[in-house]
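In: Would you be able to build a 3D model of this:
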Amino acid sequence: GDLYGYGSPLHRNISILLGEQTGGLQGIPVYAVPQAEAGTSAAKVMTITPSGTATGAGVHTIVIEGEYGVLGQSYDIAIAVGDTASTICPKITTAISAVLACPFTLTDSGGVSTATAKYQGLTSNDLKIRVDTGNYGSLGISYSIATTTAGSGSPTVTTGLTNLSNNWFPFILSCYPTGNTAALTAFETWNGVADPKVPTGRYVGNVWKPSIVFVGTNADDPTSVTNASGRKNQMTLSFCPAGLGENLPSVYAANVCKLWALCAQNTPHLDIQNQPYPDAAPPVSGSIPAMNDYTVRDTYVKAGCSTVVLKNGTWYAKDSVTTYHPDGENPPAYRYVRNLILDMNVFHGYKLLYDKYVMGKTICNDTDRVSASDII
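Out: Residues are numbered from 1 along each chain as shown. Reported below is the predicted structural model:
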């Protein structure tokens, strides 16, 4: 938060990965790669306009990103009898401004509270605000929520990928929105494919430091992106769904990334299937009509999209796949994230032996008679 901004996507997502309330990553290292805002970017701006006169006392809650508060701080506002817009708006501003990790800054004037995203770019356009009157009901107050400025501008991902240098990061959590197709393509180009004859990118033999990039989506049907023709042969992106969810899409990716990091570290022979998302808000409706149906999930998996179900307000991971599903290849070799992790483990073990016993040595035939050292 100090480095990159409280309430920024980096801050929110790293709080999921490392937060004590979700168990932490048990010593698994996490690296942040901040991205500069695009030169023509804009922050999302929304207004909250109360109307009416309070006929009773109670508590209303501003819900931001599907959350009733962040990191132990709530967005509750106390309504008193006789309150109007001119008295409620300062309460909204005070309540939200007190939450350090909130992604908005608030001002109020003339009975309108204005919420401005703390960061610019298309990512901020995914931020949502609503008001929950809870068990108290409206108390004679209604709220109008409007967007006055859309978040816009897409920073380039290529500089960030260059900064990764020659280090190996098996998992990358993308904070980019799914609408930034240029970023998704840049990840795929950089990482490459594990073609058995002509591997590319990070799969090239003398590099072999590939990544799985987790990308969040709250689309009810994400297959229009995962099933794109140019994506069928790619094994880089794993879309992490939460259909109709209110969180930033990258929050869902952070949840899945956390589950996989712990699984890959501690039980790489297993999967994250049926494990709950550790810190993600459910949709307002409390249901996801598409993915709770097995037949739909099966269709989505075959279109290169991971799946999830919602039970009692908690998301549970189901199939975790990459977008790899070439026509005519059944089963697709690089479909499942678990299989890629197994491949990484096998190759990493092989490479440790190679570095110890082969690298820098002279190789001779078994029948050669040698007396010098460092010959194998």
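In: tell me the contacts of the nearest residue to residue 195 once chain neighbours are set aside?
Out: Excluding its sequence neighbours, the residue lying closest to residue 195 (CB to CB, 6 or more residues apart in numbering) is residue 203, at 7.5 Å. The C-beta positions use only the backbone N, C-alpha and C, and glycine is treated the same way. Contact analysis of residue 203 by CB atoms under 8 Å, 6 or more residues apart in numbering lists 191-195, 210.
In: Buried ones among the residues you listed?
Out: For the contacts of residue 203, a neighbour count by 16 or more other CB atoms under 10 Å gives the buried set as 191-194, 210.
In: Just put the contacts of residue 203 in a markdown table and tack on pLDDT, secondary structure and distance to residue 172.
Out: Formatted as a markdown table, the contacts of residue 203 follow (pLDDT from 0 to 100; DSSP: H, G, I helix; E, B strand; the rest coil; distance: CB to CB, whole Å):
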| residue | pLDDT | secondary structure | distance to residue 172 |
| --- | --- | --- | --- |
| 191 | 97 | helix | 9 |
| 192 | 97 | coil | 14 |
| 193 | 97 | coil | 16 |
| 194 | 94 | coil | 16 |
| 195 | 90 | coil | 21 |
| 210 | 95 | coil | 10 |
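In: ok but residue 92 is inside a helix, no?
Out: Yes - counting by DSSP: H, G, I helix; E, B strand; the rest coil, one finds residue 92 located in a helix.
In: I'd guessed it sits against residue 108; true?
Out: Yes - with contacts counted by CB atoms under 8 Å, residue 92 reaches residue 108, the gap being 6.8 Å.
In: what distance separates the helix or strand of the chain with the lowest mean pLDDT from the centre of its chain?
Out: Ranked by mean pLDDT, DSSP states H and E, the weakest helix or strand in the chain is helix 158-163, scoring a mean of 87. Taking CA atoms, centre = their mean, to the nearest Å, one finds helix 158-163 lying 19 Å from the centre of the chain it belongs to.
In: For the remainder of this discussion, apply numbering that starts at 91.
Out: Fine by me, first position is 91 from now on; the one you just mentioned is helix 248-253.
In: Check which helices and strands it sits against.
Out: With contacts taken as 3 or more CB pairs under 8 Å, 6 or more residues apart in numbering; DSSP states H and E, helix 248-253 sits against helix 271-281.
In: Now tell me what touches the helix it packs on from outside.
Out: With CB under 8 Å, 6+ apart as the contact definition, helix 271-281 has outside contacts at 244, 246-248, 251, 262, 264, 266, 268, 291-293, 300-301, 303, 305, 315, 320-321, 324, 326-327.
In: Pull out the buried residues from it.
Out: Under the neighbour-count criterion of 16+ other CB under 10 Å, helix 271-281 has 273-278, 280-281 buried.
In: from those, which is closest to residue 397?
Out: Nearest to residue 397 among the buried residues of helix 271-281 is residue 274, at 19.2 Å by CB to CB.
In: And that closest one, how far from residue 123?
Out: According to CB to CB, to the nearest Å, residue 274 and residue 123 sit 16 Å apart.
In: Name the SS class of residue 461, please.
Out: Under three-state DSSP, residue 461 comes out as coil.
In: show me where pLDDT drops low in the chain?
Out: Low-confidence segments of the chain (pLDDT under 70): 110-112.
In: switch to 80 and redo it
Out: Scanning the chain for pLDDT under 80 picks out 110-113, 379.
In: Restricted to strands, list the contacts of helix 271-281.
Out: In strands, judged by DSSP state E, the following of the contacts of helix 271-281 are found: 262, 303, 305, 327.
In: Please say which of residue 182 and residue 198 ends up with more neighbours.
Out: residue 182 (23 against 20; other CB atoms under 10 Å).
In: gap between the more buried one and residue 222?
Out: Counting by CB to CB, the separation of residue 182 from residue 222 is 13 Å.
In: Redo the contacts of residue 293 as TSV? Include distance to residue 439.
Out: Below are the contacts of residue 293 laid out as TSV (distance: CB to CB, whole Å):
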residue	distance to residue 439
281	21
282	22
283	22
284	17
285	22
300	15
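In: and the residue lying closest to residue 413 once chain neighbours are set aside, how many residues sit next to it?
Out: Using CB to CB, 6+ apart and skipping the chain neighbours, the partner closest in space to residue 413 is residue 394 (3.7 Å). Applying other CB under 10 Å, we find 26 residues neighbouring residue 394.
In: What segments of this protein are helices?
Out: For the chain, applying DSSP state H gives helices covering 99-108, 175-187, 248-253, 271-281, 313-316, 339-356, 384-392, 427-447.
In: Deepest-packed of the ones you listed, please.
Out: Counting by mean count of other CB atoms under 10 Å, helix 339-356 has the highest mean neighbour count of these, with a mean of 24.
In: Report all helices and strands that it contacts.
Out: Where contact means 3+ CB pairs under 8 Å, 6+ apart, helix 339-356 is packed against helix 99-108, strand 261-263, strand 302-307, strand 327-331, strand 404-407, helix 427-447.
In: out of these, which comes closest to residue 340?
Out: Nearest of the helices and strands packed on helix 339-356 to residue 340, taken as CB to CB: strand 302-307 at 4.7 Å.
In: For the closest one, name the packing helices and strands.
Out: Strand 302-307 packs on strand 261-263, helix 271-281, strand 327-331, helix 339-356, helix 427-447, going by 3+ CB pairs under 8 Å, 6+ apart.
In: Quick check: can you name the pairing partners of the third one and their directions?
Out: Read that as strand 327-331. Applying DSSP bridges, strand 327-331 is found paired with strand 302-307 (parallel).
In: just how off-centre is the strand it pairs with within its chain?
Out: Using CA atoms, centre = their mean, the offset of strand 302-307 from its chain centre is 6 Å.
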